[in-house]
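Enquirer: Sequence plus predicted model, see below.
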Amino acid sequence: MKIDSIALSATKGTRKTQVTTAQLVEEHGLLRDAHAGTWHRQVSFLAGEDILAARDRGIDVHFGDFAENIGTSGVDWPSLPVGTRVRLGETALVEVTQIGKKCHTKCAIYELAGECIMPKRGVFARVLQGGIITLGDAITLV
């Protein structure tokens, strides 16, 4: 299990731009990301396998296109119960707070991809312990 993508955006409802490293801030989220703040959805996760499945259906999407912060391989995020703690890299620790979400409007992501998989496959977490994360970092269920 590892981090395959880290992505940030300045505004909500838009695709995110990939970066190679980022800082997770305790009880805030990813530094310089629009979704960070003092709430339960500070960081979002999506399995790379779900992005590949969307591509297999003919949708031209890549990491960050569904506005997920962290794309992974080897983790079936929706199967993890709320409350699961996950270590990212050496020091960062997050806790799963929500599986999926309700989309109220057809945002830029929906317009780009023709569908959004975050309502069913996306997972959200709050940051319990901050740290620097980098592409390729290990993911460990705690």
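Expert: Yes, it's here. Nothing here was measured: the structure is a model prediction, and the numbers come from that model.
Enquirer: can you list contacts of stretch 44-63?
Expert: Outside stretch 44-63, the residues that touch it by C-beta atoms under 8 Å, 6 or more residues apart in numbering are 4-5, 7, 18, 35, 65-73, 75-77, 112-115, 117-118, 121-125. The way it works is simple: take the backbone N, C-alpha and C, and place the C-beta from them, glycine included.
Enquirer: which regions of the protein sit below the pLDDT cut-off?
Expert: 102-117, 119 (pLDDT under 70).
Enquirer: So which residue is dead centre in it?
Expert: Closest residue to the average C-alpha location of the chain: Phe45 at 2.4 Å, with C-alpha atoms, centre = their mean.
Enquirer: and the longest helix anywhere in the chain, how far out from the chain's middle?
Expert: In terms of residue count, the longest helix belonging to the chain (DSSP state H) is helix 48-56. Put simply, helix 48-56 sits 15 Å off its chain's centre (C-alpha atoms, centre = their mean, to the nearest Å).
Enquirer: can you map out the helices along this structure?
Expert: 48-56, 108-113, 118-121.
Enquirer: Surely Gly64 and Val19 touch.
Expert: No - taking C-beta atoms under 8 Å as the definition, Gly64 is not a contact partner of Val19, at 9.4 Å.
Enquirer: what is in contact with the two at once?
Expert: Ala7.
Enquirer: the more surrounded of those two?
Expert: In terms of neighbours (other C-beta atoms under 10 Å), Gly64 is the more surrounded of Gly64 and Val19; the figures are 23 against 17.
Enquirer: And that one, how far from Thr17?
Expert: Gly64 sits 6 Å away from Thr17 when distances are taken as C-beta to C-beta, to the nearest Å.
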